[in-house]
Each structure stands twice: as structure tokens, then as C-alpha cells.
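K.L.:
What follows is a predicted structure for the sequence shown.
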Amino acid sequence: MLEPMIEIGTGFKLPESIDLSTLNKLPVQVHKYGDPQPSKDTFRWMSYQNEGNISGSIDFARDCGKFFPEVANYTVEYLSNLLDMHLSPNFVNFMKTNGNITPHTDEVRKSCINIGIENTESAITRFYINDTHKDYCVKPGSVYLVDVSKTHAVHSTNNITRLLITYGFVQTFDQIYNKLKHGIHKK
């Protein structure tokens, strides 16, 4: 049985010419888990805030292929070295977390690739497996295949906002795992 989160790459670094301060200027739209997805016509943070009894937020700036193509194209080029499949810049998104995120499964996607960008060691991702749990910490510049169809939560270690790039799939974790190129972290 595979771990629900495995490192599949390291050394990811966006070019210095990319100005991430753009992300600080985006509007925020609060989205409740289970509500219809907001339109993708505006580059904004779609924010899940204070779900359940836990204080925190997880935000997505979606469709970087349209709104931040230099990031999307660079990310797809990098991921193409890891996966034997067509990848679209339109599925590259930014994700940030603040505080704690209640245990959940993702709404639309079944698996994803997360890439550590900034302050990623400021939180752990906890997967609940049977009657126990397993914790993972995203290292900056590392790339992870994640099974988001499994119940998981985020626990802040120091209340610093962490930033990741995420690429979501409607395919299962196992399906994407089987598309990893030869020599990539396969057991």
C-alpha cells in the first residue's frame, strides 16, 4: 500500500524574474465547502475559512495558465520531466494555508501534486489512516504526489502563511502514480 503523500521531485525553484508579490494583491472570495465552484473569470483567492470548529483558511488562486502563465508554463515544463502524460497550464494553481484546516477530502480533485514554495515547513499535513494518523511536512522546492481523496488536515506549527503550487487531477492517486516516469520514486 502506498503512502498517501510521496516526494517525487526536488530542486523546484521559480525563476527570479517571477514576482510573487502579485499574489498579495488578489481579491479574496470566501467559498463554503460543498457550494458551487466560483467562476474562473477573475484571478482571485478562493478561500475556505474557519470550516468546522477550526480557525484557519486554505486559499486557491486558480487557472494560472490564464492569469499567471509564466508560473504555469514553468511548472508544467518541470512536471513533464516527472510524469508520462499531457499536462495543461490551466490546472496549475497557487495554494496558501493559514492556521489549521479541519479534516476533509478535496471537493473536486482526487489527487494532486503539491510543490513547496514559501514557508512550507510552517505546517504539517496529517492523513487519517484507520485509527491512527501520519504527518508529512512539505520541504521548500520539493514536489509531492498527494492522495486528497483520503481524509487529511493541516496543522500550523507557527502561524506563518505557507505557499505552494498545486496541480489537481480528477484521476486517482494510483492512476497518477502509475504515470510517473521510470526511475521516479516508485516502490
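P.N.:
Now that the structure is in, tell me what you want to look at.
K.L.:
Distance of Ser111 relative to Gly168?
P.N.:
8 Å (Cβ to Cβ, to the nearest Å). C-betas here are computed from N, CA, C, even on glycine.
K.L.:
overlap in contacts of those two?
P.N.:
Residues touching both Ser111 and Gly168 by Cβ atoms under 8 Å, 6 or more residues apart in numbering: Val148.
K.L.:
for Lys134, what are its contacts?
P.N.:
3-4, 126-127 are the contacts of Lys134 under Cβ under 8 Å, 6+ apart.
K.L.:
Can you point out the helix or strand that includes the residue lying closest to Pro140 once chain neighbours are set aside?
P.N.:
Among residues not flanking Pro140 along the chain, Gly116 sits closest, at 4.5 Å (Cβ to Cβ, 6 or more residues apart in numbering). According to DSSP states H and E, Gly116 maps onto strand 111-118.
K.L.:
Name the residues of that strand that come out as buried.
P.N.:
Across strand 111-118, burial judged by 16 or more other Cβ atoms under 10 Å covers 111-117.
K.L.:
Next, count neighbours for Ile54.
P.N.:
By the criterion of other Cβ atoms under 10 Å, Ile54 has 15 neighbours.
K.L.:
ok, now which ones touch it?
P.N.:
By Cβ under 8 Å, 6+ apart, the neighbours of Ile54 are 99-102.
K.L.:
Among those, which one sits closest to Ser142?
P.N.:
The closest of those to Ser142 turns out to be Ile101 (Cβ to Cβ; 19.9 Å).
K.L.:
The helix or strand bottoming out on mean pLDDT in the chain pairs with which strands, parallel or anti?
P.N.:
Lowest by mean pLDDT, DSSP states H and E among the helices and strands of the chain is strand 101-104, with a mean of 90. Under the criterion DSSP bridges, strand 101-104 sits next to strand 152-156 (antiparallel) in its sheet.
K.L.:
from the chain's centre, how far out does the strand it pairs with sit?
P.N.:
13 Å (Cα atoms, centre = their mean, to the nearest Å).
K.L.:
One more: stretch 159-169?
P.N.:
Worked out by Cα atoms, centre = their mean, stretch 159-169 lies 5 Å from the chain centre.
K.L.:
Can I get it in PDB, CA atoms only?
P.N.:
Extracted C-alpha coordinates of stretch 159-169, given in PDB (Å, rounded to 0.1, in the frame of the first residue of the first chain):
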ATOM      1  CA  ASN A 159       1.000  30.600  12.200                       C
ATOM      2  CA  ILE A 160       3.100  31.700   9.200                       C
ATOM      3  CA  THR A 161       1.300  31.600   5.900                       C
ATOM      4  CA  ARG A 162       2.700  28.800   3.700                       C
ATOM      5  CA  LEU A 163       2.600  29.000  -0.100                       C
ATOM      6  CA  LEU A 164       2.500  26.100  -2.500                       C
ATOM      7  CA  ILE A 165       1.900  25.400  -6.200                       C
ATOM      8  CA  THR A 166      -0.700  22.700  -6.700                       C
ATOM      9  CA  TYR A 167      -1.800  20.800  -9.800                       C
ATOM     10  CA  GLY A 168      -5.000  18.900  -9.400                       C
ATOM     11  CA  PHE A 169      -6.200  15.700 -11.000                       C
END
